[in-house]
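1. Prediction below, plus the sequence it came from.
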Amino acid sequence: RVWNVDVQGQDCGEDVAQWITQAVNGNKEKLRLLYKGTVLEDKPARPIIYFDFPHQKKTDTAYFADTSPYHIANENSLTDLNSRLEEAEAVTMQSFRPNIVITGPPAWDEDDWHYIKIENAIFRRIKPCE
């Protein structure tokens, strides 16, 4: 279930399950990798109801995620956030669970990007992380 919506997937098999379990958590908890494939229907991305984000389109889909299938974070933004915390313990990137972490751009620079290109892949910014 993703945001109270049932989703299905094709299990990638025992060999992949063993590999991903070791790679992700050192065999502490058994993991399975599911693949959406082309045989399952897409589901619409969860609409953002609290603010108008003009980059989100009605045709956006996200099968195993709620709004977007990826989350990009900037290391310098995290560094700036931690510099502003007065007495709290430093926040780690793991707290935000990004799929992609970028280094180099100034803190919060990503807030003004509409697109990011990594090699031949172009990502469209839909909204900031909640």
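-> Looks like it came in fine. Residues are numbered from 1 along each chain as shown.
2. neighbouring contacts of stretch 97-104?
-> Identification of contacts with stretch 97-104 by Cβ atoms under 8 Å, 6 or more residues apart in numbering yields 70, 71, 72, 73, 74, 75, 76, 93, 110, 116, 118. C-betas here are computed from N, CA, C, even on glycine.
3. are any of the residues you listed buried, and which?
-> 72, 73, 74, 76, 110 (16 or more other Cβ atoms under 10 Å).
4. ok but the second one is inside a strand, no?
-> Yes - counting by DSSP: H, G, I helix; E, B strand; the rest coil, residue 73 is part of a strand.
5. returning to that earlier point: and which of the contacts of stretch 97-104 is nearest to residue 23?
-> When the contacts of stretch 97-104 are compared for distance to residue 23 (Cβ to Cβ), residue 93 wins out at 18.0 Å.
6. The closest one against residue 75, yeah?
-> Yes - using Cβ atoms under 8 Å, residue 93 makes contact with residue 75 at a distance of 7.1 Å.
7. if we can go back for a sec, ok, of the buried ones among the contacts of stretch 97-104, which one's closest to residue 86?
-> Using Cβ to Cβ, these come closest to residue 86 at residue 76, 20.0 Å.
8. which residues touch residue 14?
-> Taking Cβ under 8 Å, 6+ apart, one finds nothing in contact with residue 14.
9. Return the helix or strand in the chain with minimum mean pLDDT.
-> Taking mean pLDDT, DSSP states H and E as the measure, strand 34-35 is the helix or strand of the chain with the lowest mean score, a mean of 83.
10. strand partners of it, parallel vs antiparallel please.
-> strand 10-11 (antiparallel) (DSSP bridges).
11. I'd like the next helix or strand past the partner strand.
-> Sequence-wise, the next helix or strand downstream of strand 10-11 (DSSP states H and E) is helix 14-25.
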